[in-house]
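Asks: here is my input, please return the structure:
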Amino acid sequence: RAHRPRTDATMPPKAAAEDETAPVEVKGIKMSEVEKHSSADDLWLVIDGKVYDVTPFMDDHPGGGEIMLSAAGKDGTQDFEDVGHSPHARELLKKFYLDEFAGGAASGKAATKSGGGGVSIIAVLLPLLVVLMAYFASKLS
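Replies: The predicted model follows:
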């Protein structure tokens, strides 16, 4: 009996994942969508692979709304972690959860709306100002 190659009719059907023509469904929210929500009146943040609508928390954030705006339109995970948020803050964040983050690179457009990296300059200058004031206060007494 001669060996015959298998034809499409005799081959098992391909799984959808193997079919290169099948559209790949991306779940979650892409960065292009997050960037559309980067103002004080409408702010979404990406933290730990999740997207949060933190707009209702802008006025209540202990560091002020501007600090949250500095993380607009990018993955704000590192900013969130650098601050060292409390377990209570992490629990509170769950209240603002929208969906999983689907990825995508930031275009850089949203960061310009918030004034760029101005908050980080304040974070450097404010402690320096406090130290200088303490120094001069000690010299006066």
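
Asks: I'd guessed residue 54 sits against residue 46; true?
Replies: No: using CB atoms under 8 Å, residue 54 is not in contact with residue 46; the gap is 10.8 Å. Where C-beta positions appear, they are placed from N, C-alpha and C, glycine not excepted.

Asks: list the buried residues in stretch 49-58.
Replies: 50-55, 57-58 (16 or more other CB atoms under 10 Å).

Asks: I misspoke; the intended subject was stretch 69-81.
Replies: So, applying 16+ other CB under 10 Å, buried residues of stretch 69-81: 69-77, 79-80.

Asks: measure that stretch end to end?
Replies: Distance across stretch 69-81, first residue to last, is 16 Å (CA to CA, to the nearest Å).

Asks: contact partners for residue 94?
Replies: Residue 94 makes contact with no residue under the criterion CB atoms under 8 Å, 6 or more residues apart in numbering.

Asks: wait, a strand at it?
Replies: No: according to DSSP: H, G, I helix; E, B strand; the rest coil, residue 94 belongs to no strand; its state is helix.

Asks: how many neighbours does the nearest residue to residue 57 once chain neighbours are set aside have?
Replies: In space, residue 57 comes closest to residue 96 once its chain neighbours are excluded; the distance is 6.5 Å by CB to CB, 6 or more residues apart in numbering. As a burial measure, residue 96 scores 18 neighbours (other CB atoms under 10 Å).

Asks: these two touch, right, residue 96 and residue 52?
Replies: Yes: under the criterion of CB under 8 Å, residue 96 makes contact with residue 52 at 4.2 Å.

Asks: where exactly do the helices run in the chain?
Replies: All helices of the chain, identified by DSSP state H, fall at 31-34, 65-69, 77-83, 87-93, 109-113, 118-140.
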